[in-house]
Every structure is written in C-alpha cells, then in structure tokens.
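# Model the following, please.
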Amino acid sequence: MSILCPVCGATLAKKVDRCASCGTDVKEILVKLKKEKENLANVDFPKYSTAELDELFEFVENGSGYGIVEYMGNDEKVFVPSRYKGRAVNAIKANAFEGSDVTEVYMPVSVRIIEHDAFAACYKLKSVLLPNKLQEIGAAAFMDCNSIAWLDIPDSVKEIGERAFSGCVSLYRIKMSENVEIIPSYCFENCSSLPYYVFGEKVKDVSSYAFLNCHKIKKIKFNEGLAHIGDFAFSGCYALERAILPESLVELADGAFYDCSSLSAAYVGEKTVALSGDCFYACNSLVKFKVSEKNARFYVDGNAIINRLGEVLTVGCKATVIPPQVVSIARAAFSGYSFEGSIEIPSTVRYMEGEAVFNNANFTIVADYPVKPEQWNDKWVVGDTTVVWKTK
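Predicted coordinates:
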C-alpha cells in the first residue's frame, strides 16, 4: 500500500524523509502517527464486574446482545466492554456519549454499529479506536468532535450517515473504509484542517455538501467508478487547485465546486453527460478546461466546455473566447465570476438562456449586436455585469 504525505496527500517514495511535492519533513509526523495507532491497537481492556458496568453505563437489549444507551461515568479514558451479562455489547446507541468530556474511547470488536449522535459534541475527544468489525457509523455520530486529529475507519464499515464527521475542525488525516460506496451529505462539512482526500475504489456517489467548507483541501484523488458528484459537494474548498474528474463520472451537479477560488484547471472524463453551468461558480482562478476526446457529449473550444447537442456553451471562464460555432449559451455558463476584462458575445450566438450570465462583477460583456436579440431570454443577464452593445 502506498504511503501518502500527511500534509498534501502526495505519494511518498520509499524511505524518504521529505515530501517531494510540498517539501514537508514527514518522518517525524509519520513516526508520531504510527506510535499513536500502535498505542490504540495494543491497549489492554480492563475487566469489569456487572456491578461496575452498571455504574458506568446504561444498557439496553439490542438483538442478541446489548447496546450502550448512556455513559454515566466521569473517566476521560473510556473502555467499552465487550460483554454484559454474558452477551455481546454490539452497539453504541444514539446520543450515548453526546456532550461528554471523554478524551479517549476504546471499542471492542463486538461493536457492530455506532448510532446517530453517539459521540456528537464530545469537544475533548482526541482518540477513537474503531473496531475492525464495525459495520455502520450513524448520522452525526462524531459531529463537532473538534479535537479529533485523525481517524482510521476499518474496511468492515459499509455505511456512513449524513454529517457523521461534520465540524471536526482539527481532523487532518482520515483513512476511509474501502467498502463505502456513498459519501453522504455534509459528511465532512467544516473539516477545515483536512489537507487532502483520497477516495476508495468503490465510491459511486459524493452527495450534496459532502466536503462543504473544507478550506485547506489542496488535493483530491477521485476513484474510477465514481458516477455522481452532488450539489455543492466541494463548495468553499478555497485551497483546491485542480479538479481531475474520473472517466467514470456521469453527472456533475449544481455548484459542485462553488467558490473554489484557487481552482485553475478542470478535467471532464469520458462518460460525463450531465454538467451544470454553475458547477464552477465563482472559481475566479479557473483558466483551463480539458475534456476527454472520447466524451460523446462535450468538448472544449475557446477555453469553454461546449455541448455537441446544439453547440451550446455550457461552462465558460475568464479565459473564454467564444468560438463561432456556438449557437446558444446555457444557464449559468458565466456565473459568480469577478475579474477585470471582458467576454465578447459574437453575432453567431442566437440564443441566451435565462441567467446565462449570472451574478458576475467587474467584467464586461461585449455583445456583437446593436440591441438584445428577440430570441435571447429577457433575464439572460442577472446582477451587476456591464453590457456593451456594438452599434453597426
């Protein structure tokens, strides 16, 4: 398995002390991470009597075993028991530890599910040992655990709920289960210390707002097999520099990379057939598009993404020079941009959809018409964009 730089996510050569990509001295960081993982994995679980367990936890029958309903102790380091009254402890129930002052939690292999809000708002929680037979992490299970720095989610986990790690502002490293197929909505919202993310091979869907406001993410490695990126999935990822989308991606939804202000280049793969005009809304550094030559729906010309069906300019940027074959400009093709300069609309453009030029600032639209053509939508431009009509 490749070793990744904990700062930028680049693959490290064997036996190197410094990342060739970002220049970080990684040896000390990797040694520290390894030691912390070993300490978690090698911990000795204490043996409790039933009476002692009844003082620490409230239990409820859960299928063939028991689930923990509430933690009632005062210890900062917590060891979840593997058995209670001769039966397996198989679940951490909803809200069981919510708002507690625990700093370390160790769970045995008997635990199969962590239910919703189980550890929500555990502000002091730094270390969590997730058992290697865990199957499900519920919605908001670790939401606002703002002291957790890293997590290893075992490959046994197949399902993760919405907002599972939302607000984990100190999280800078996460190893995700290779068997998760959906990254749910708001999963990593406001994980503002996360520097990179590598998708597992089985991920098919990145849901809406999944990485909202992950301000420090510079690098994302998408997997082949990913088919859908939802609304505003990477909105507010200010440090993200490139979006190299996989060949397998079918749909890129509204605002997928909204306000990714450092994004300079984007690649669209072979199978993409649905592309929202405002998927790169307010990406003011964006100057280069590339589309797979095998893509039957879209191609690039004049630094714009154009739909072959009707020669519709679907996505433009500040470097766009609209080519003469373009007949129509789609909704939000130029959206949220702010830059000095102008975009010229040639007289070959016969149709403008509503909000084709949407909420832009500073730059000017120069239209090669004396007045707005009748075929153009009355609300083709929305916002403060200056429009100059050429007189014949």
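
# what's the nearest residue to residue 362 if we skip its chain neighbours?
residue 338 (5.1 Å; C-beta to C-beta, 6 or more residues apart in numbering). Any C-beta I mention is one placed from the backbone N, CA and C, and that applies to glycine too.

# Let me see the contact set for that neighbour.
For residue 338, the contact set (C-beta atoms under 8 Å, 6 or more residues apart in numbering) comprises 282, 284, 360, 361, 362, 363.

# Residue 314 belongs to a helix, doesn't it?
No: per DSSP: H, G, I helix; E, B strand; the rest coil, residue 314 lies outside any helix segment and is strand.

# residue contacts, it?
Residue 314 makes contact with 275, 277, 298, 304, 305, 306, 307, 330, 333, according to C-beta under 8 Å, 6+ apart.

# okay, the contacts of residue 338 in CSV with neighbour count and secondary structure next?
Formatted as CSV, the contacts of residue 338 follow (neighbours: other C-beta atoms under 10 Å; DSSP: H, G, I helix; E, B strand; the rest coil):
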residue, neighbour count, secondary structure
282, 22, coil
284, 20, coil
360, 23, strand
361, 14, strand
362, 13, coil
363, 18, coil
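
# Quick check: bridge partners of the residue nearest to residue 362?
residue 361 (DSSP bridges).

# Show me the helices in the chain, by range?
Using DSSP state H, the helices assigned to the chain run over residues 27-41, 50-56.

# returning to what we had before: from the contacts of residue 314, which land in strands?
Members of the contacts of residue 314 lying in strands (criterion: DSSP state E): 275, 298, 304, 305, 306, 307.

# Rank these by pLDDT and give me only the lowest.
Confidence by pLDDT is poorest for residue 275 among the ones in strands among the contacts of residue 314, given 93.

# ok so, going back, what distance do you get for the residue nearest to residue 362 to residue 380?
19 Å (C-beta to C-beta, to the nearest Å).

# What residues does residue 389 make contact with?
367, 369, 370, 371, 372.

# Now the buried members of these.
The neighbour-count test (16 or more other C-beta atoms under 10 Å) marks residue 367 as buried among these.

# Strands - which of the contacts of residue 389 land there?
Short answer: the contacts of residue 389 in strands (DSSP E) are residue 367.

# List just the nearest of the contacts of residue 389 to residue 265.
residue 367 (28.2 Å; C-beta to C-beta).

# Report the spatially nearest residue to that closest one, omitting neighbours in sequence.
Closest to residue 367 by C-beta to C-beta, 6+ apart is residue 345, at 4.5 Å.

# what's the burial count for the one you found?
25 (other C-beta atoms under 10 Å).

# just checking, it touches residue 322?
Yes: applying C-beta atoms under 8 Å, one finds residue 345 in contact with residue 322, separated by 6.4 Å.

# shared neighbours, those two?
What both residue 345 and residue 322 touch, as defined by C-beta under 8 Å, 6+ apart, is the set residue 329.

# my guess is residue 194 meets residue 169, correct?
No: contact criterion C-beta under 8 Å: residue 194 and residue 169 do not qualify, at 9.4 Å.

# Those two - which one has more neighbours?
residue 194 (24 against 17).

# tell me which helix or strand of the chain sits lowest on mean pLDDT?
Using mean pLDDT, DSSP states H and E, the weakest-scoring helix or strand in the chain turns out to be helix 27-41, at a mean of 60.

# returning to what we had before: state the distance from the residue nearest to residue 362 to residue 317.
12 Å.

# What about the closest residue in space to residue 135 that isn't next to it in sequence, how many residues nearby?
Excluding the flanking residues, the one nearest residue 135 by C-beta to C-beta, 6+ apart is residue 112, at 5.0 Å. A count of nearby residues for residue 112, using other C-beta under 10 Å, gives 20.
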